[in-house]
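Q: What follows is a protein structure lacking sequence information:
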C-alpha cells in the first residue's frame, strides 16, 4: 500500500518499526492544521515556525519512546503537544495570552465552504475576514478564547479540550457557548460582515 493512502495508525506503526518516510507523510498530512493553529495563537510567523518544528521534534521523540496512545486521534495528540509548547513559550516570557473556549453548532464563522477555490480578490477578502475574526477572538476572556482556538483551529473534541485544560466537559461547552454569545455581540456592535460574498 502507498504510504500516503495509509491511515495515521498504520503510519505510526511503520515509523516505530523503522520506516522514517512514514513520519514524513504524517507531518505533511497534518502540517497545515497544526501550523495554522500555532500561528493563530502566537500571531508571528517566525515564532510559529519554530514552535511547529519543536512540536514535530517532540512528536517524533514521543513516538520513538512509545508515548503515543493508539486510542487517540493522532492530529489531536499533535495539536495538544503544540498547545503545550505555545503555553510554555508564553510562560517563559510571562505573557500568557487570553484564550477562549466555546464554539458550538449554530453559526460556524471558522469553517465556510466559500473559502474553497477562491480568486485573488476573494483571498484578500478572506484574509481581511480572518484578521477581523482574530481581533474578535482576542477580545474574549482567556478561558473562552482557549476553547475557541482548541476547538476550531486545533480541531480537538470537547472531551480532549476538557482533559487538556483540566475542566469538565460541561465547563468546556459552557465556555464555548459564552464565547459564541460574546462573538455575536461584538459582531453586532461593530456591524461587521464576515462573509466572502
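A: Sure thing, it's come through. Just so it is clear, the structure is predicted and the values come from calculations on it, not from any experiment.
Q: Setting aside sequence neighbours, what's the nearest residue to residue 160?
A: Spatial nearest neighbour of residue 160, chain neighbours left out: residue 76 (5.4 Å); criterion: C-beta to C-beta, 6 or more residues apart in numbering. (Glycine included, C-beta is placed from N, CA and C.)
Q: For residue 140, pull up the helix or strand it's in.
A: Assigned by DSSP states H and E, residue 140 belongs to no helix or strand.
Q: Just to check, it is in contact with residue 149?
A: No - look at residue 140 against residue 149 with C-beta atoms under 8 Å: they stay out of range, at 9.8 Å.
Q: still on that earlier bit, give me phi/psi at the residue nearest to residue 160?
A: Dihedral angles of residue 76 (phi, psi; degrees, to the nearest 10) stand at phi -70, psi -40.
Q: Helix or strand with the lowest mean pLDDT in the chain?
A: Scoring the helices and strands of the chain by mean pLDDT, DSSP states H and E places helix 120-138 at the bottom, with a mean of 74.
Q: Distance of the spatially most central residue of the chain relative to residue 65?
A: Central residue of the chain (C-alpha atoms, centre = their mean): residue 154, 2.0 Å from the mean position. Plainly put, residue 154 is 23 Å away from residue 65 if you go by C-beta to C-beta, to the nearest Å.
Q: Just the buried residues of stretch 137-149, please?
A: For stretch 137-149, burial by neighbour count (16 or more other C-beta atoms under 10 Å) applies to 137, 140, 143, 144, 145, 146, 147, 148, 149.
Q: how much space between the closest residue to the third one other than its chain neighbours and residue 139?
A: Spelled out, it's residue 143. Using C-beta to C-beta, 6+ apart and skipping the chain neighbours, the partner closest in space to residue 143 is residue 175 (5.1 Å). Going from residue 175 to residue 139 by C-beta to C-beta gives 15 Å.
Q: Let me see the domain layout of the chain.
A: 1-96, 98-197 (automatic domain parsing).
Q: Where do the helices of the chain begin and end?
A: Assigned by DSSP state H, the chain shows helices spanning 8-16, 20-42, 45-64, 74-92, 120-138, 142-148, 158-165, 169-190.
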